[in-house]
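Chemist: quick one: sequence and predicted model below, then my questions.
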Amino acid sequence: MVTMPIIQSSFVVVILFILDTSIALTGQYYAPGQSSWLGSSGASSTPQDYKSYFPIIYVVFGVNGTPHVRAIVDIDDDCPSPLHEEDVAENLGEVRLDTRVLGNPINDNKMPYKFPVRVCELKVEDHSFHRKLLEEGRLKISWNEKSYLVPRVKSNPERFMFTADTGLRIKPSNLGLGNVASGEPPCNSTTVYGIHQCLLNFTKEDLTQPQTGSFQGLDEWHFKQLIDSATSKDIDVFIHLGDYLYRQGPCPINNTDYLDKETKNCSAVNIPEFASADDMVFGTVMNFIPGEYGDNWWGWWSDFFYPALNLLKEAPIIALRGNHEICERGGYGYFMFLSPVELEDYCLERFAPYAVKFTHEQFLVMDDSIIKELNGGVDHFLPGACPGVPDNGYIVPLQQTRYNDTNDQDIPNHLDLFTQHFEKIEVMSLESDNNFYIGHRPLFGISCNNGTVVTLDWTLQQSLGPTTLNRISAIFSGHMHWLQVIEFENNTLPPNIIVGNGGTKLIRNNINQSSFAHIDLQFGKHDITGKVRKGFTSSQFGYGIMERNQDGNYEVTFHVWHDNGSTVKPLDYYVEIPESPLHSTDESPSKVHIQTPTPKISWFLPVSVLMIAVACFATTKFSLHTWLSRRQMRRTYEPIYEMEPVH
């Protein structure tokens, strides 16, 4: 039995467990193997008694900046309710806890395992008593006769923590049966969590091929230590720039990592105590019953919620979506737990940009998860001798045009879509003097591929308008698995900060560090340029913190993991970001000014035109603000995404 959505308001519950187990799992149910067949060694880094951590209480900023108080509890438990303090209880009145119930998500291989949890939500609107309590750090919720404090949401926060690309990297290419990465026979069936299934009637003895892939040892994964370090620094806002779920499959005990040819210690994730055949959705086809991996509760608990728990208790989160959270990989868990948008479907292909605004600054959020990169992107860059300091002139990085990839048919649609998104970003930037663009993919990251200096992301670069970045103070992103900071001469472009070093397996950036100050960035259809003043790349795990000083300016510092001593220490480098926009809306280094001869005409004509314009303005009650509002309203009624069909 699968229930249909019942949409109500206020306090929301999402039930992801509803399945009639009396249905005979025959025909469409297929899972011949268990992950334990692949071997397991060592202890898991994740407690298996996850219920003892309930309720997991956290706050996610919604698409209009509204805080959404969320709580994860067991499927059989009721949602918590706000606990009213005596001094405001009489003003709150009776709070109705409405419920929205969703049945088991999609009845096929896209989401084959149930989420045995209940996700509850309370939207805390502006000027409400709940909002007052939330801003003062006094909002509590009651659950099972106990009270729990909700993380404080400050209207004027000062310290922001940035991270991205945080999960444990497990991406098998062969689990002993065939190539599950390329989908070659016999492993050419449908994909589960982005991994092809072989769909063979096999036994443990049939797992004879070398078990290869991209793996990361649990002893190499420091996300929890980094989060705990940040928690000790009194963070006001937790900003995750996407890619939470990296556990796409099991980790064979005799694995061989394709890059460094080593065996990685990650086989403890194969422990199948969490999941069993009874947890599988009718219609599922896959080779191995998951342990601590996949787009299910056990994957999300292990890869994000448990390691991030301490910071989630202390600070609200702006939770961006990365390419690992597209629907066929980790999108279902993202929309259940972290998405800022209304849960209209179990997973949406995309959603429009939005702003999270505070008293002194706002964050402009871009969902760029659907973008496809040329030849698989930075994960597939080749090593090679990269240019050093040139004898004369500058290094102009090569743009990674997707038109070199003939398999991508979505390029024109993506360019149109993100051009519209950047127009909306530019309009939203008028609402604050301090704007920070945040997205998963870098706007102008710099790397080296097979000896050639390149810049990406090409789709975003081609979609930028000539004045899009005029009021942007800095750009934060992830995706590239390293830390990179780029600052430009005369602030012609905002500082570009990449914090993709949040915990997942790092990728070495082969760019010559001494060459940064000799790079002239040129990209986009509007010939946007910027000469790099200084920059660096670090292949160390870590995170960034941006703090607003008493003078209103911002300082970004970077904190990295040291294996020697297992400690987190600050780097001797920081970025200063001045208050107010770097450029006015009329003057832009990327804006082309064309001078034309001014004809000599009588003063009578322009004065007449001016008088008519003034009269029209007075009668139509029209203004720039009205024009922008109407322009924005028109976009609001346009479709911002296409729902994925539910079968």
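Modeler: All right, it came through fine.
Chemist: C-alpha only now, for contacts and for neighbours.
Modeler: Will do.
Chemist: right, and Ala517 touches Lys534 too?
Modeler: Yes - between Ala517 and Lys534 there is a contact under C-alpha atoms under 8 Å: 5.0 Å.
Chemist: more crowded one of these two?
Modeler: Taking other C-alpha atoms under 10 Å, Ala517 and Lys534 do not tie; Ala517 has more neighbours (20 against 17).
Chemist: so that one lies in a strand, does it not?
Modeler: No - read with DSSP: H, G, I helix; E, B strand; the rest coil, Ala517 is helix and lies in no strand.
Chemist: which residue would you name as the spatial centre of the protein?
Modeler: Gly242 (2.0 Å; C-alpha atoms, centre = their mean).
Chemist: from Leu38, how far off is the closest residue to that residue other than its chain neighbours?
Modeler: Of all residues not flanking Gly242 in the chain, Gly322 sits nearest, at 4.1 Å (C-alpha to C-alpha, 6 or more residues apart in numbering). Gly322 sits at a distance of 29 Å from Leu38 (criterion: C-alpha to C-alpha, to the nearest Å).
Chemist: compare these two (neighbour count), which wins?
Modeler: Taking neighbours as other C-alpha under 10 Å, Gly322 and Leu38 compare with Gly322 leading, 29 against 22.
Chemist: identify the residues contacting that one.
Modeler: The neighbours of Gly322, taking C-alpha atoms under 8 Å, 6 or more residues apart in numbering as the test, are Leu241, Gly242, Asp243, Tyr244, Asp367, Asp368, Ser369, His440, Arg441, His479.
Chemist: at 10 Å instead, please
Modeler: 164-165, 240-245, 330-331, 334, 367-371, 439-441, 477-479 (C-alpha atoms under 10 Å, 6 or more residues apart in numbering).
Chemist: repeat that for Pro252.
Modeler: Contacts of Pro252 (C-alpha under 10 Å, 6+ apart): 35-41, 170, 172, 174-176, 210-213, 215, 263-270.
Chemist: in stretch 184-194, what counts as buried?
Modeler: The neighbour-count check on stretch 184-194 (16 or more other C-alpha atoms under 10 Å) flags Cys187, Asn188, Ser189, Thr190, Thr191, Val192, Tyr193, Gly194 as buried.
Chemist: any idea how far the residue nearest to Gly242 is from Gly478?
Modeler: 9 Å.
Chemist: who touches both of these two?
Modeler: Ala164, Asp165, His240, Leu241, Gly242, Asp243, Gly439, His440, Arg441.
Chemist: which parts of this structure are helices?
Modeler: 86-92, 129-136, 223-231, 297-300, 306-312, 331-337, 411-428, 458-463, 604-620, 624-636 (DSSP state H).
Chemist: lowest average confidence across the ones you listed, which one?
Modeler: Lowest mean pLDDT within the helices of the chain: helix 624-636, at a mean of 34.
Chemist: show me where the stretch 501-647 of the chain has strands.
Modeler: With DSSP state E, counting those that start in this stretch as the criterion, the stretch 501-647 of the chain has strands at 520-523, 528-538, 542-548, 554-562, 567-577.
Chemist: of all those, which one is nearest Pro495?
Modeler: With C-alpha to C-alpha as the measure, strand 567-577 is the member of those nearest Pro495 (8.2 Å).
Chemist: the closest one packs against which elements?
Modeler: helix 223-231, strand 472-477, strand 483-488, strand 542-548, strand 554-562 (3 or more C-alpha pairs under 10 Å, 6 or more residues apart in numbering; DSSP states H and E).
Chemist: with distance to Gln48 added, can I get those in JSON lines?
Modeler: Compiled in JSON lines, those are given as follows (distance: least, C-alpha to C-alpha, whole Å):
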{"stretch": "helix 223-231", "distance to Gln48": "16"}
{"stretch": "strand 472-477", "distance to Gln48": "32"}
{"stretch": "strand 483-488", "distance to Gln48": "32"}
{"stretch": "strand 542-548", "distance to Gln48": "27"}
{"stretch": "strand 554-562", "distance to Gln48": "27"}
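Chemist: which neighbours do Ala517 and Lys534 have in common?
Modeler: Going by C-alpha under 10 Å, 6+ apart, residues that sit against Ala517 and also against Lys534 are Ile486, Glu487, Phe488, Glu489.
Chemist: which of those count as buried?
Modeler: So, by 16+ other C-alpha under 10 Å, the buried ones in those are Ile486, Glu487, Phe488.
Chemist: I'd assumed Ile57 was in contact with Arg70.
Modeler: Yes - under the criterion of C-alpha atoms under 10 Å, Arg70 makes contact with Ile57 at 5.8 Å.
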